[in-house]
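S.K.: Build me a structure from this.
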Amino acid sequence: MKRRTFLARSLAALGIGVIGSTLAGCGFHLRGTQQQPLAIDAVDLKAPVSLLTDEVSRTLANAGVTLSDQAPLILNLGAERVEDISLRGGGMINDEIELRMVAPYSVQRRSDNAYLVTQGRLESATTYLVNNDDPLVRDELQANALAELRSDLARQLLTQLGTLTP
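M.R.: Coordinates of the predicted model:
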């Protein structure tokens, strides 16, 4: 019996290995995990000091884009605006909250100050459930949701910059 179990597990592991090798060899990638190289390698970020600005800076750096005052493109990022909407009304114990974050942006060439993107708008939304009897957990859930929204806006901005040529 033990030998059969060992053989069955070995064959299952071998099958999983073969499938994984085949998928990796054929160019299969999970959606959103493959980064396309950007046509721009440097950008001048003009933005208010905020958590969104920090996230955008980090995302640009991870994509290989350097932040420089002499870059050919200027990225103007506005302040984030957050809406907090309760989806369940009344005095219920559990509440479903929708957070919506919006941030304006524009991109211009440094050489002639021409706008490549005049009035761009980044927007993302998420929902989370909270127990109104526990305000500490509510604050933590909101902070996590806001961090997720900022990360999503930064990825959206990176995607939009990927379509531009300096």
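S.K.: Can you find which helix in this protein contains the most residues?
M.R.: Across the chain, the longest stretch assigned as helix under DSSP state H is helix 135-162.
S.K.: Which elements pack onto that one?
M.R.: helix 51-62, strand 73-77, strand 81-86, strand 94-109, strand 115-131 (3 or more C-beta pairs under 8 Å, 6 or more residues apart in numbering; DSSP states H and E). Placement of C-beta: from N, CA and C, glycine included.
S.K.: was I right about residue 97 contacting residue 142?
M.R.: Yes - using C-beta atoms under 8 Å, residue 97 is in contact with residue 142, at 7.3 Å.
S.K.: and for the two, which residues touch both?
M.R.: Shared contacts of residue 97 and residue 142, defined by C-beta atoms under 8 Å, 6 or more residues apart in numbering, comprise 84, 128, 130.
S.K.: mind checking how far residue 99 is from residue 68?
M.R.: 33 Å (C-beta to C-beta, to the nearest Å).
S.K.: Please identify which of these two sits among more neighbours.
M.R.: residue 99 (19 against 12; other C-beta atoms under 10 Å).
S.K.: where does the protein have low pLDDT?
M.R.: For the chain, residues meeting the criterion pLDDT under 70 lie at 1-4, 6-8, 10-38, 88-93, 132, 166.
S.K.: Could you chop it up by domain?
M.R.: Each domain of the chain is listed here as a residue range: 1-34, 36-162, per automatic domain parsing.
S.K.: tell me the most buried of the ones you listed?
M.R.: Among the domains of the chain, domain 36-162 has the highest mean neighbour count (mean count of other C-beta atoms under 10 Å), at a mean of 15.
S.K.: Return the distance of that domain from the chain's centre.
M.R.: Put simply, domain 36-162 sits 8 Å off its chain's centre (C-alpha atoms, centre = their mean, to the nearest Å).
S.K.: In this structure residue 130 contacts residue 97, no?
M.R.: Yes - the pair residue 130 / residue 97 is scored as a contact, 6.1 Å apart, by C-beta under 8 Å.
S.K.: Look up the residues that both of these two are in contact with.
M.R.: Shared contacts of residue 130 and residue 97, defined by C-beta under 8 Å, 6+ apart, are found at residue 142.
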